[in-house]
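Q: Please find the sequence and the predicted model below.
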Amino acid sequence: MKQLLVFIKKEFAHVLRDRKTLLILFGMPVVQILIFGFALTNEVKNSKILIVDNAKDIVSQRLITQLEASRYFEIEKAAWNHDQIEEGFKAGTIKLAIVFPANFQNELLHQNSVQVQILADASDPNNATTLINYASSVIQDYQSQVNQTATVPYRIIPEMRMLYNPQLKGAHNFVPGVMALVLMLVCVMMTAVSIVKEKETGTMEILLVSPFKPILVILAKAVPYLLLSLINVVSILLLSVFLLDLPIHGSILLLFAESTLFIITCLTLGIFISVKTDSQQTAMLISLMGMLLPTILFSGFMFPIENMPLPLQIISNIVPSKWFYIIVKSIMIKGLGIAAIWKETLILVGITSFLLVISLKSFKIRLS
Amino acid sequence: MSETVIHAENLTKRFGDFVAANALTLEVYKGEIFGFLGANGAGKTTAMRMFCGLSIPTSGKATIAGYDVYRQTELIKKNIGYMSQKFSLYEDLTVLENIRFFGGIYGLSNAQLKSKSDELITQLGLQHEAKKLVSGLPLGWKQKLSFSVAVLHQPKIVFLDEPTGGVDPVTRRQFWDLIYDAADKGVTIFVTTHYMDEAEYCNRISIMVDGKIEALDSPGNLKKHFQVDSMHEVFYQLARGAKRGE
Amino acid sequence: MDSHPALVVNDLTKVYGKDKAVAVNKVSFTVDRGELFGLIGPDGAGKTSIFRMLTTLLLPDGGSASVDGHDIVKDYRLIRNTAGYMPGKFSLYTDLTVEENLNFFATVFNTTIEENYHLIKDIYIQLERFKDRRAGKLSGGMKQKLALCCALIHKPTVLFLDEPTTGVDPVSRKEFWEMLKRLKDQNITILVSTPYMDEATLCDRIALIQQGSLLSIDTPENIVKSYPDTLYAIRASKISSLLKVLSTNEAVASAYAFGEYVHVTFKHEGPHEKDILAFLHEQGLEDIEIKPTEPTIEDCFIKLLKK
């Protein structure tokens, strides 16, 4: 046991004394969150919106005045039809369109309820949601003003439509994606490289010739990276909560438990790569090409899996990041519990055990 | 006195506070075999790098094959050959491909490449191995081949960094035969070695201790001066006092 | 103390790769307890493969061997407990300090620095003032001393040193061999390999090895004694011309440069001094000296290679 502790201490020394590793380890999550965060959340002030007022009555005019008063919008009025609106979106000249129906005032006064159509360009999902939220809150405000004097409550129902990306893929979803990416990078690459380094420098020879059990070498390598990765999870979550205002809706404990599971998956992958390679460069290359690329392509966080050809959809099932991504998204954004994600969790456990068994089996107690 | 090909005057290289090479002054003549000895960490590698135009000195003067080590490093590289124990040849290329590649780097024409490589392969007796990968050759042959490749472009000086480390005694001597041949043709040989018997084969040698050249003369004169029988003892007397081997 | 020798090697064989290149070819030798045994041969002779098989890092493809009576295949765990190994490549953690390295290896081998300090004291004293320096910042000689300390810290019964002096300058080499002599006095069996022939005389017994096969096993004195020919040392003003001229002489069997002399053997028993002197003068050489000389291990190795 003391041997193991000394070994783990040594591993920490390796990491903490190497500035480059430290930078990758702790700088990368921050940089990624910042890049993804600010690339996707644009400044929404003074966004150009189009108003198509088919009613031209008092109520619609008042509402438009209120919208104009908002500092978020720059209003343009035109009598466009649906096709023209779409062209406007495609040309990028407008970000949002609000369409009032022809008999807006009549319907509101006589039926007490009316629909107003809000169309948004959701190819930039963050921006679209923000703008829709602003527009509907202006409408809500107006509605409550009207209702203060009315005997029967009037309701203006915004009918929202997201164009081009109806499910709002991408919005805030990058945080789970970045988590998968960072953990993959840190755990797989770092463990693989650190074990292969011992082979390259020849220290592995001495360790093998010692009474120290080879299996403990693996364990000792894995423990520090498990801890360091958990620190990364914490820092990513802190950044997303406090910098990006993305709250964690589900159980934090469950989130950490699932993260630990995924970290272990990655560690076993790293160990497997290290068993099969003899040079640090090869280990690095395999980790990058073999692990990062599938994470970006097949986890669903950059490219929607359901739009892929069937063979690729099938391949995506063996990518552990895909399952982790679904799990984190469910917990963080949808606020779901274990009942909703037990299947994904089980799949991850399965992949991990499989990798663990084959990497332990192929670990050599001698030089090849 | 024959032509001077290496001329160094107070050549110094500092890394921060550390003086790796301290006021080196030496002259090496055309066709000479010059042994450059020193303990580990004495500054041999630093000095070699400056002579090869790979590292700019901090102060002092030096010309290599008539070119200045500060301003004409590219011309220096064209006029020298270099061989070290660590990097010699591409293991995954054939003997012939290696010769052509290195000849090509030094700008030999196709006709020259052809005649040179044929000549070299015959000279080394590698006719049967010419199309085989270098990785399959015994170490001694690799060393001989890489020396021949280093002098393929007829450099004025060839720098050899521990060329015979780990080679068997017979091959080691065959290697020295190649060195003698090259020297007879007027190529200057600048060689480092840990074999003290090889120091005896040099016309003159210098011994570096803690960044300085502490002795520079022919092996015979050095032995006389230190009143000992072998170069081994000369080296031992000088290097024993080294402070830097730490 | 039990009676079996420290090392017994029987027809040990190792082949590599698809084309079955033979790296070690039926090598057999025994090393007694407390003996300093040298494996002398050039790079690629198979020394490292033998070391790796004996330290249980490689499985042999033929033959058998035992370390301290333990079989290298079956009892590999037992050997790993008791053997000390210093691989040819510098194998310490360069980003750990001198003391951290030593401490790490002590713990890995289930011991402490204090427990066996007496073994490494002589060597460690020279390192002590650098104990907080990272191993990567040490000079070659010091690294080598640290590596030896790390290999010794668990008081191994057999110490395997694979080319510990390669690339090391003559002064450090000499110091290293003095350390080995002192270890021998502590009754540690040492198997050491080296490409430097002049180090052979420092061993109790040596095995000369070339291309995977042993050429000879004996004490250095006996090997030198068994040299069959009369050897002459010849000197002239220019070694390169001397070598060339000698190679044209019919009577000369071999001529190899040895420092400032050329060692020469003749096809027939001599005396040859007068004839060769006349011949060399005739060829225009100056300052000629010729004398019979004692062969060195290197002469013997060359002789054995020629067979």
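A: Yes, it's here. Keep in mind it's a predicted model, so treat the numbers as computed, not measured. Numbering: from 1, shown residues only, chains lettered A, B, ... in the order given.
Q: which residues of chain B fall in strands?
A: B:4-15, B:18-29, B:33-38, B:59-64, B:67-68, B:80-84, B:157-161, B:188-192, B:204-209, B:212-217 (DSSP state E).
Q: What segments of the stretch 101-250 of chain A are strands?
A: A:113-121, A:155-163 (DSSP state E, counting those that start in this stretch).
Q: so which of the ones you listed is the most packed in?
A: strand A:113-121 (a mean of 20; mean count of other CB atoms under 10 Å in any protein chain shown). C-beta coordinates here come from the backbone N, C-alpha and C atoms, glycine included.
Q: In its sheet, which strands sit next to it, and in what direction?
A: strand A:96-100 (antiparallel), strand A:155-163 (parallel) (DSSP bridges).
Q: As a markdown table, the strands of the stretch 101-250 of chain A with mean pLDDT would be great.
A: Output for the strands of the stretch 101-250 of chain A, formatted as a markdown table (pLDDT from 0 to 100):
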| stretch | mean pLDDT |
| --- | --- |
| strand A:113-121 | 83 |
| strand A:155-163 | 69 |
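Q: nearest residue to the residue in the stretch 151-300 of chain A that chain C sits nearest to other than its sequence neighbours?
A: With CB to the nearest CB as the measure, residue A:202 is the residue of the stretch 151-300 of chain A nearest to chain C, at 3.7 Å. Nearest residue to residue A:202, sequence neighbours excluded (CB to CB, 6 or more residues apart in numbering or on different chains): residue C:91, at 3.7 Å.
Q: quick one: contacts for that neighbour?
A: A:201, A:202, A:203, A:205, A:206, C:147 (CB atoms under 8 Å, 6 or more residues apart in numbering or on different chains).
Q: which among the residues you listed end up buried?
A: Burial by neighbour count, 16 or more other CB atoms under 10 Å in any protein chain shown: within those this picks out A:201, A:203, A:205, A:206, C:147.
Q: tell me the contacts of the second one?
A: I take that to be residue A:203. C:91, C:92, C:93.
Q: By mean pLDDT, show me the worst of the strands of chain B.
A: Note on the strands of chain B: strand B:80-84 shows the lowest mean pLDDT, a mean of 89.
Q: Mind checking if it is in reach of chain C?
A: No - using CB under 8 Å from any CB of the partner chain, strand B:80-84 stays clear of chain C, coming no nearer than 11.8 Å.
Q: Paired strands for that strand, with orientation please.
A: Strand B:80-84 has these strand partners (DSSP bridges): strand B:157-161 (parallel).
Q: Alongside chain B, which residues does the stretch 151-300 of chain C contribute?
A: Going by CB under 8 Å from any CB, the residues of the stretch 151-300 of chain C near chain B are C:166-174, C:195-197, C:210, C:239-240, C:243, C:256-260, C:298.
Q: Give me the mean pLDDT for the longest helix along chain A.
A: Counting by DSSP state H, the longest helix found in chain A is helix A:214-242. Here helix A:214-242 scores 88 as its mean pLDDT.
Q: So which of the buried ones among the contacts of residue C:91 are in helices?
A: Per DSSP H, the buried ones among the contacts of residue C:91 map to helices at A:201, A:203, A:205, A:206, C:147.
Q: Adding distance to residue A:62 and pLDDT, write those out as JSON lines.
A: As requested, those are arranged in JSON lines below (distance: CB to CB, whole Å; pLDDT from 0 to 100):
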{"residue": "A:201", "distance to residue A:62": "77", "pLDDT": "84"}
{"residue": "A:203", "distance to residue A:62": "78", "pLDDT": "87"}
{"residue": "A:205", "distance to residue A:62": "83", "pLDDT": "86"}
{"residue": "A:206", "distance to residue A:62": "83", "pLDDT": "85"}
{"residue": "C:147", "distance to residue A:62": "87", "pLDDT": "92"}
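Q: Can you tell me which of the residues you listed comes closest to chain B?
A: residue C:147 (14.2 Å).
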